[in-house]
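> next come a sequence and a model predicted from it.
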Amino acid sequence: MRALVATAVPAERDAVARAFPGANEAIRLPGGPGRPGDLDVPGVSVVRTAAGYDLLAAGVGPALAAASTATALTAAALGGTPYGLVVSAGIGGGFQPEAPLGSLVVADAITVADLGAETADGFLPVTELGFGTVTHRPPASLVRGVSEAMGARPGTILTVSTVTGTAARAAELRARHPQALAEGMEGFGVAEAAAAHGVPVLEIRAVSNPVGPRDRAAWRIGDAFAALTEAFGKLAPALESWNPYDDQ
Ligand SMILES: O=C(O)c1cccc(C(=O)CC[C@H]2O[C@@H](n3cnc4c(=O)[nH]cnc43)[C@H](O)[C@@H]2O)c1
């Protein structure tokens, strides 16, 4: 199966690439910003691994990640080689104590936490205002297979536009989303692009920091990158044994 893996930044993309031995090829996307061939400008090109996975540094935040992912999906579809799966991947914050630093979370629900309206009675998601969607659900059997293969916990991964930086905000998010294990900034954007193309989506986060009071010194980005590399080394067998019809 052809899969597109969308990370936020090139360092995450390269951590995923280290799981796949062999030569990589850079493929330029149409209409990408920046200088031609500049691999470190979000959305400019995909890195094609010898294993057949295309890796995209899609940019930080849900909007740029959605735009870059949609571009890659459109280019592949028009080229007659559409993707069968999109994976949003990267480092993320883990809710404690369920998702410790260096652990992995696979989303069974990809939920945008801050798309809605504040009211005197609290936050209302856009769906309660009559618009759109706030959750995408990856195929259940794929989530099960991939979590088991990677030794990851399945649970909700929240997408936020602002990294949580206080205990109060972390508690508020957990009160609204009791199943949440992690947060990142791109999953929902990547999932919206995948949904627009009718392609299933996964989200995989390696926990680099606790969700809560901002303490930059406590971030373990190197450990999270290593966990990401190890996780993607175990992805291929789980994908190969996945039968999409099990989820219909
Ligand atoms: O606050 C800082 O000093 C700081 C330093 C380096 C990176 C950041 C980020 O905000 C990175 C955001 C980037 O990484 C993902 N990520 C990682 N941890 C979290 C989190 O706790 N909450 C949300 N996103 C997180 C995110 O997906 C972005 O791609 C800050």
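Received it, and whenever you're ready, just let me know what you need. Residues are numbered from 1 along each chain as shown.
> OK, contacts around the residue in the chain positioned nearest to the ligand?
Here the chain gets closest to the ligand at one residue, G93, 2.2 Å apart by Cβ to the nearest ligand atom. From N, CA and C alone the C-beta is placed, and that goes for glycine too. Listed by Cβ atoms under 8 Å, 6 or more residues apart in numbering, the contact set of G93 reads V163, T164, A182, E183, G184, V207, S208, N209, P210, V211, G212.
> looking at those residues, which are in strands?
Those of the contacts of G93 mapping onto strands are A182, E183, G184, V207, S208, N209, P210, per DSSP state E.
> could the residues you listed go into a markdown table alongside neighbour count?
Below are those laid out as a markdown table (neighbours: other Cβ atoms under 10 Å):
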| residue | neighbour count |
| --- | --- |
| A182 | 29 |
| E183 | 27 |
| G184 | 29 |
| V207 | 28 |
| S208 | 24 |
| N209 | 20 |
| P210 | 21 |
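> and the two most separated of those residues?
G184 and P210 (13.8 Å; Cβ to Cβ).
> what comes up buried for stretch 7-19?
T7, A8, V9, P10, E12, R13, D14, A15, V16, A17, A19 (16 or more other Cβ atoms under 10 Å).
> for the first one, give me its contacts.
The contact partners of T7, by Cβ under 8 Å, 6+ apart, come to R13, A15, V16, L55, L56, A57, A58, S88, A89, G90.
> can you do 6 Å?
R13, A57, A89, G90 (Cβ atoms under 6 Å, 6 or more residues apart in numbering).
> phi first, then psi, for it.
Main-chain dihedrals, T7, degrees, to the nearest 10: phi -100, psi 170.
> the last one too?
Dihedral pair for A19: phi -80, psi -20, per degrees, to the nearest 10.
> next one: the fourth one
The main-chain torsion angles of P10 are listed as degrees, to the nearest 10 and equal phi -60, psi -30.
> just checking, what packs against the helix or strand bottoming out on mean pLDDT in the chain?
Lowest by mean pLDDT, DSSP states H and E among the helices and strands of the chain is strand 25-28, with a mean of 87. Using 3 or more Cβ pairs under 6 Å, 6 or more residues apart in numbering; DSSP states H and E as the contact test, the elements touching strand 25-28 are strand 45-48.
> can you list the residues of this structure near the ligand?
8, 60, 90-93, 160, 163-164, 183-186, 208-209, 211, 214, 216 (Cβ under 6 Å from any ligand atom).
> cutoff 5 Å now
Neighbours of the ligand within the chain, by Cβ under 5 Å from any ligand atom: A8, V60, I91, G92, G93, V163, E183, G184, M185, R216.
> hang on, the earlier thing: of all pairs in the contacts of G93, which one spans the longest distance?
Top of the distance list for those (Cβ to Cβ): G184 and G212, 15.1 Å.
> who are the contact partners of S147?
So S147 contacts V106, P154 (Cβ under 6 Å, 6+ apart).
> secondary structure element for it?
Using DSSP states H and E, S147 sits within helix 140-150.
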